[in-house]
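Q: Provided below for reference: sequence and predicted model.
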Amino acid sequence: MCALLTKKNKRNAKIQFSGDQLKSLKELKQRLCNPPVFYLPDFTKPIHLRTDASKFVVGGVLFQVVNGIERPIAYTSRKMNPADYPTQRQELLAIVHALAAFRIYFLDKPPMVETDHKSLEGLFTQKMANRRLARWYGILAEYQPSFSYLPVAKNRIVDALSRRPDLQLETKFFHE
């Protein structure tokens, strides 16, 4: 839905919305105005970060568990660059991106990062292979996250954020 709105135009060109873009904008505005989109965080309770990645997009959701219900605080996603990363590095990039996007929430408490990629639990036991990984490890060291494996079936919201931007999902929204 947002891919139509975020297409890059030529530099200094006038922005012209087509019918599809206007329709997407109206739908996005309507969904953002209806609950449950975002909840205000309670800083006395733990804040969780859930991430996912694909060849096309990395994404994350910041949430808290309130009365047994996961309440989203914020979402983030971005398109992948053309670099061909193996799956583990895609997942690591999703974590680094989400930590940077939600930095303000983790200044005083280490985050609990939930991921559906089990090998990331032992991330710091691996040797560094290149400068990019060393830089990402440095970013992770700043936050000192703890990692938790989450089965794919429980990672639906973030999984939807990391899907191809041109792929039309056939499922209902998770809050409906």
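A: Arrived safely, thanks for sending.

Q: Output the contacting helices and strands for the helix or strand hosting residue 96.
A: With elements taken from DSSP states H and E, the one containing residue 96 is helix 87-101. With contacts defined as 3 or more C-beta pairs under 8 Å, 6 or more residues apart in numbering; DSSP states H and E, the packing partners of helix 87-101 are strand 48-53, strand 57-66, strand 69-79, strand 112-115, helix 131-143. Placement of C-beta: from N, CA and C, glycine included.

Q: Using PDB, list the CA coordinates for the longest one.
A: Okay, so that is helix 131-143. Taking C-alpha atoms only, helix 131-143 is exported to PDB below (Å, rounded to 0.1, in the frame of the first residue of the first chain):
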ATOM      1  CA  ARG A 131      34.000  -4.300   8.400                       C
ATOM      2  CA  ARG A 132      30.200  -4.300   8.000                       C
ATOM      3  CA  LEU A 133      29.700  -7.000  10.600                       C
ATOM      4  CA  ALA A 134      32.200  -5.300  12.900                       C
ATOM      5  CA  ARG A 135      30.200  -2.000  12.600                       C
ATOM      6  CA  TRP A 136      26.900  -3.800  13.200                       C
ATOM      7  CA  TYR A 137      28.400  -5.600  16.200                       C
ATOM      8  CA  GLY A 138      29.500  -2.200  17.500                       C
ATOM      9  CA  ILE A 139      25.900  -0.900  17.200                       C
ATOM     10  CA  LEU A 140      24.500  -4.000  18.900                       C
ATOM     11  CA  ALA A 141      27.100  -3.600  21.700                       C
ATOM     12  CA  GLU A 142      25.800  -0.100  22.400                       C
ATOM     13  CA  TYR A 143      22.300  -1.500  23.200                       C
END
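
Q: other SSEs contacting that helix?
A: By 3+ C-beta pairs under 8 Å, 6+ apart, helix 131-143 packs against helix 87-101.

Q: And the fourth one, by the same measure?
A: Identification of packing neighbours for strand 112-115 by 3+ C-beta pairs under 8 Å, 6+ apart yields strand 48-53, helix 87-101, strand 146-149.
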